[in-house]
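Asker: When you get a sec, could you give me coordinates for this:
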Amino acid sequence: MPKQERLKTSYPGVYYIIGHGARGEERIYYISYRRSGKKIEEKAGRQFQDDMTPARAAGLRARRIEGEPSNTARREEEKAAREAEAGKWSIDRLWGLYQKNLEGLKSQAADKSRFTSYLQPFFGTKEPHEIVPLDIDRLRRKALSGKSDQTVKHVLALLRRIVRYGIRKQLSQGLTFTLEMPKVDNEVVEMLTKQELSRLLKVLQKSDDIQISHLMLLALLTGMRKGELLRLCWNDVDLESGFITIRAPKGGRTARIPINNAARRILKDHPRIADQVFCNHKREPFRDIRKRVNAIRKAAELPEGFRPLHGLRHVYASTLASSGVVDLYTLQRLLNHKSATMTTRYSHIRDAALRKASEVAASIFDEAIGDE
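Answerer: Presented below is the predicted three-dimensional model:
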């Protein structure tokens with residue numbers, strides 16, 4: 001194909017050739033300039049299709065001379081950026097792999113919500129080593145402002161787990177600084193007054209929801225965790241020996257706890273319709289019992305902030321601690337705490353009971369001295 005004739009314009013470095021488009025014959029403008037001693041010729045645009053004129057082409061040439069990259073250079077930069085991005089192990093990409101480890105865990109939905117709500121908008125495109133302390137400050141100031149220390153800790157802990165996953169798999173570097181976690185006061189002991197406990201027991205005794213009422217009674221009588229109760233199978237209940245086997249507890253190891261007489265009566269009266277002790281009307285394990293449990297909490301007029309199942313575990317523990325006859329080591333074993341640290345939250349209750357018992361001796365001696 002013969003080379004087309006270049007036609008000059010009144011603007012230096014701007015010329016055109018005659019081409020054909022949808023509207024027939026039209027001018028196709030080009031610009032010519034030098035950068036770093038190298039001559040560059042670049043298509044500026046078509047007369048009709050791009051609404052290009054000699055003046056606009058001259059303006060484009062001036063911008064190129066000032067340093068604006070050409071279309072070819074820009075495309076090359078974009079291509080290089082895409083290639084670099086493909087090999088970049090960003091927080092977003094690491095999360096894509098890490099969340100596969102969460103399948104089947106009850107924390108999966110919560111972690112996914114924390115990632116999409118907090119971590120992805122701030123760190124999604126960054127690699128771990130690109131995150132600086134100022135980024136964490138910005139996250140806490142903009143997204144986590146007003147949130148509880150526990151929520152902040154959960155979000156930052158998830159970020160730390162994702163980063164550590166990348167390090168463990170040798171996919172990425174770690175953070176260049178230590179991620180400081182907020183201190184969370186977990187020393188909360190949920191209690192019920194005698195009147196509140198009495199109302200709850202009456203509601204549970206009259207309830208037609210046998211599965212939930214028995215589940216709550218067993219939580220109160222054994223101190224078992226919600227997950228342990230929902231996973232409990234009849235094979236793990238030995239009424240003859242008087243023990244319940246708790247498999248895969250929060251502490252990690254399988255444990256056995258005794259069945260007291262009241263709990264034994266509940267289990268004897270409970271219908272055996274599936275492998276698991278507590279199940280829904282389809283004879284399947286429960287997935288969500290919040291509405292049914294909260295209905296009983298409201299009927300018993302318990303405090304709004306009282307967590308029905310976890311709170312009953314606290315009531316069980318505090319009742320034993322306040323008896324003055326159960327030491328903290330025994331209480332630790334009954335609650336299946338991995339360490340004594342968690343059990344010490346009840347030490348002030350036990351100590352109060354012991355002091356009260358000690359005062360009994362003082363009153364006896366005082367009475368004897370008075371008689372003498």
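
Asker: And the strands in the stretch 201-350 of the chain?
Answerer: 237-238, 243-246, 255-258 (DSSP state E, counting those that start in this stretch).

Asker: domains for the chain, by residue range?
Answerer: Structural domains annotated on the chain: 7-85, 91-168, 194-356, as defined by automatic domain parsing.

Asker: mind giving me a markdown table with those and columns for distance to residue 181 and mean pLDDT?
Answerer: Every C-beta, even on glycine, is put in place using the N, C-alpha and C of the backbone. Formatted as a markdown table, these follow (distance: least, CB to CB, whole Å; pLDDT from 0 to 100):
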| stretch | distance to residue 181 | mean pLDDT |
| --- | --- | --- |
| domain 7-85 | 31 | 85 |
| domain 91-168 | 5 | 88 |
| domain 194-356 | 17 | 84 |
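
Asker: I'd like to know which of those is closest to residue 183.
Answerer: domain 91-168 (7.0 Å; CB to CB).

Asker: hmm, back to that, I'd like the domains of the chain as CSV, with mean neighbour count and distance to residue 179 appended.
Answerer: Listed next are the domains of the chain as CSV, based on neighbours: other CB atoms under 10 Å; distance: least, CB to CB, whole Å:
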stretch, mean neighbour count, distance to residue 179
domain 7-85, 14, 25
domain 91-168, 15, 5
domain 194-356, 16, 22
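
Asker: could I get those as CSV with distance to residue 174?
Answerer: Formatted as CSV, these follow (distance: least, CB to CB, whole Å):
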stretch, distance to residue 174
domain 7-85, 20
domain 91-168, 5
domain 194-356, 26
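
Asker: out of these, nearest to residue 363?
Answerer: Distance to residue 363, taken as CB to CB, is lowest for domain 194-356 among the domains of the chain, at 10.6 Å.

Asker: distance of residue 311 from residue 216?
Answerer: 10 Å (CB to CB, to the nearest Å).

Asker: same thing with residue 35?
Answerer: For residue 35, the distance to residue 216 - CB to CB - is 78 Å.

Asker: and residue 187, what pLDDT?
Answerer: Listed pLDDT for residue 187 reads 53.

Asker: Point to the residue nearest the middle of this protein.
Answerer: Centroid-nearest residue in the chain, with CA atoms, centre = their mean: residue 111, separated by 2.8 Å.

Asker: tell me the contacts of that one?
Answerer: 99, 102, 158 (CB atoms under 8 Å, 6 or more residues apart in numbering).

Asker: doesn't residue 120 make contact with residue 92?
Answerer: Yes. Between residue 92 and residue 120 there is a contact under CB atoms under 8 Å: 6.2 Å.

Asker: For the stretch 51-200 of the chain, which segments count as helices?
Answerer: Along the stretch 51-200 of the chain, counting by DSSP state H, counting those that start in this stretch, helices occupy 54-66, 71-86, 91-98, 108-114, 120-123, 133-142, 149-168, 194-206.

Asker: what sits against residue 132?
Answerer: 176, 177.

Asker: Look up how far residue 139 lies from it.
Answerer: From residue 132 to residue 139 the distance is 11 Å (CB to CB).

Asker: State the distance from residue 221 to residue 308.
Answerer: 14 Å.

Asker: err, residue 41, not the other one
Answerer: 77 Å.

Asker: got it, and residue 220?
Answerer: Going from residue 220 to residue 308 by CB to CB gives 10 Å.

Asker: After the longest strand along the chain, which helix or strand is next? Please name it.
Answerer: Ranked by residue count and defined by DSSP state E, the top strand of the chain is strand 24-35. Note on strand 24-35: by DSSP states H and E, the next helix or strand toward the C-terminus is strand 38-46.

Asker: Can you list the strands that that following strand pairs with?
Answerer: Take DSSP bridges as the rule and strand 38-46 pairs in its sheet with strand 24-35 (antiparallel).

Asker: contact partners of the strand it pairs with?
Answerer: Strand 24-35 is contacted from outside by 6, 9, 13-20, 39-49, 52-54, 57-58, 60-61, 64-65, using CB under 8 Å, 6+ apart.

Asker: if you set the cut-off to 7 Å instead, what comes out?
Answerer: 13-19, 39-48, 52, 54, 57, 60-61, 64-65 (CB atoms under 7 Å, 6 or more residues apart in numbering).

Asker: With stretch 119-126 instead?
Answerer: Residues contacting stretch 119-126 (CB under 7 Å, 6+ apart): 90, 91, 92, 131, 135, 138, 139, 143, 155, 158, 159.

Asker: ok and the longest strand of the chain relative to helix 54-66, angle-wise?
Answerer: Strand 24-35 and helix 54-66 are oriented at 20 degrees to each other (axes from the mean of the first three to the mean of the last three CA atoms, to 10 degrees).

Asker: ok now strand 24-35, how far from the chain's centre?
Answerer: Relative to the centre of its chain, strand 24-35 is centred 57 Å away, using CA atoms, centre = their mean, to the nearest Å.

Asker: And for stretch 113-130?
Answerer: 13 Å.

Asker: Using CSV, list the CA coordinates for that stretch.
Answerer: C-alpha atoms of stretch 113-130 as CSV (Å, rounded to 0.1, in the frame of the first residue of the first chain):
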residue,chain,number,x,y,z
SER,A,113,-19.2,-9.2,57.7
ARG,A,114,-16.2,-7.7,59.5
PHE,A,115,-14.0,-8.0,56.3
THR,A,116,-16.5,-6.5,53.9
SER,A,117,-17.6,-3.8,56.3
TYR,A,118,-14.2,-2.7,57.7
LEU,A,119,-11.1,-4.3,56.2
GLN,A,120,-11.9,-4.4,52.5
PRO,A,121,-12.6,-0.7,52.0
PHE,A,122,-9.4,0.3,53.8
PHE,A,123,-6.9,-2.4,53.0
GLY,A,124,-8.4,-4.6,50.2
THR,A,125,-5.9,-3.5,47.5
LYS,A,126,-2.9,-3.2,49.8
GLU,A,127,-0.3,-5.9,50.5
PRO,A,128,0.4,-6.4,54.3
HIS,A,129,3.8,-4.6,54.2
GLU,A,130,2.2,-1.6,52.6
